[in-house]
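In: the amino acid sequence is not available; the structure is as follows:
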């Protein structure tokens, strides 16, 4: 596809790298908060081509990875019930819970189905009025509008057998939590272009001003990322701390106001636990009171859950950028994409999965 090839031109990539080397005078630390960006950086080797000492810090940008263990355990408890169809995006099925995962549960007879959009789950509920259809609704601001529309559509249809297990998370509170950490090394951010396509970038302006960090809204292709890094470095070198938009072909400051309206109608901001990180205030979405009839957590009493993380997995340190996957003793041996100890190794946006797919080994660590 020519449209994509334009953003993968190796000649332009070399020019951007040359300009970056001419511009950077210090070993800056820049965090991307998007799993898709992480995979491009690692797959293309961009993080290894940066000027000496400059480092990309891979942040908590994988929505699957930050979904709390309790939510997964709850989803599996619901899926194990007779008469329930649990629906989910495919990348959630192999994420390990405390004792098992959804794929293994399906192999044992649970009706767990992969859908490609939340509206597919609504259609299933309409087609199977004698079954309870539950959609596992996870993700950042990018998936929230579609999930909101699914709830609104189910309400219009009067479906009483459709519900959602909601575990939405929000990017700005995670960024401020990272910056409030006294050990934080982040000096600039690349903001996720798809999140900003929905929400705009006005939410990031107070963060840039308060913490004096440049924030560059960036796309996902190699040239997007190289240009975003260069824009961030130019700000750092000149002492500026503004929000800039590299992803001009898709993002406007105001974002998609119709999508935002749908999210505000259906959801309310709440505290949310992030897997491996802990609870962050006002960092998630839950169903608004007028739509709580669609809340699977309320509909299904699964009893007291006792989620237990794998003691060997360092997912929390990886998600916050404190460690690299290659720092983990289990990486590539006891933890692989086929047998993951934690979500970052199995998710298509996980940092561990990116490093493993690129053949990174501890001896080639970029730490």
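Out: That came through fine. All values reported here derive from a predicted model rather than from experimental measurement.

In: please make it C-alpha for all contacts and neighbour counts, starting now.
Out: Noted.

In: for the spatially closest residue to residue 202 that is not a sequence neighbour, helix, strand, or coil?
Out: Spatial nearest neighbour of residue 202, chain neighbours left out: residue 253 (6.1 Å); criterion: CA to CA, 6 or more residues apart in numbering. Recorded secondary structure, residue 253: coil (DSSP: H, G, I helix; E, B strand; the rest coil).

In: so who does residue 253 touch?
Out: Neighbouring residues of residue 253 by CA atoms under 8 Å, 6 or more residues apart in numbering: 196, 200-202.

In: and these as TSV, adding neighbour count?
Out: Output for the contacts of residue 253, formatted as TSV (neighbours: other CA atoms under 10 Å):
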residue	neighbour count
196	28
200	21
201	24
202	14
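
In: that older thread, look up how far residue 139 lies from the residue nearest to residue 202.
Out: Distance, residue 253 to residue 139, using CA to CA, to the nearest Å: 22 Å.

In: got it, and residue 53?
Out: As judged by CA to CA, residue 53 and residue 139 stand 33 Å apart.

In: could you check which of those two is surrounded by more residues?
Out: Taking other CA atoms under 10 Å, residue 53 and residue 139 do not tie; residue 139 has more neighbours (22 against 12).

In: list phi and psi for that one.
Out: Phi and psi for residue 139, reported as degrees, to the nearest 10, are phi 130, psi 170.

In: in space, what's closest to it - neighbours in sequence excluded?
Out: residue 63 (4.7 Å).

In: my read: that neighbour touches residue 137, true?
Out: No - in this structure, residue 63 is not within contact of residue 137 by CA atoms under 8 Å, at 10.6 Å.

In: ok, the two, which is more surrounded?
Out: With neighbours defined as other CA under 10 Å, residue 63 and residue 137 compare such that residue 63 has more, 27 against 21.

In: from residue 362, how far out is that one?
Out: As defined by CA to CA, residue 63 lies at a distance of 25 Å from residue 362.

In: what's the answer for residue 26, then?
Out: For residue 26, the distance to residue 362 equals 26 Å [CA to CA].

In: do the same with residue 81
Out: 43 Å.

In: remind me, longest helix of the protein?
Out: If you go by DSSP state H, the chain has its longest helix at helix 222-238.

In: shouldn't residue 285 be within a strand?
Out: Yes - under three-state DSSP, residue 285 sits within a strand.

In: give me the number of residues near it?
Out: Residue 285 is flanked by 24 other residues according to other CA under 10 Å.

In: which residues does it contact?
Out: Contact analysis of residue 285 by CA under 8 Å, 6+ apart lists 166-170, 267-272.

In: how far away is it from residue 148?
Out: Residue 285 is 11 Å from residue 148, by CA to CA.

In: any common contacting residues for those two?
Out: In contact with both residue 285 and residue 148: residue 267, using CA under 8 Å, 6+ apart.

In: so residue 86 is in which element?
Out: In this structure, residue 86 sits in strand 84-88 according to DSSP states H and E.

In: for that strand, packing partners?
Out: Here strand 84-88 touches helix 69-79, strand 111-114, strand 132-139, going by 3 or more CA pairs under 8 Å, 6 or more residues apart in numbering; DSSP states H and E.

In: was I right about residue 262 contacting residue 148?
Out: Yes - if you go by CA under 8 Å, residue 262 and residue 148 touch, sitting 6.0 Å apart.

In: more crowded one of these two?
Out: Using other CA under 10 Å, the more surrounded residue of residue 262 and residue 148 is residue 148, with 24 against 18.
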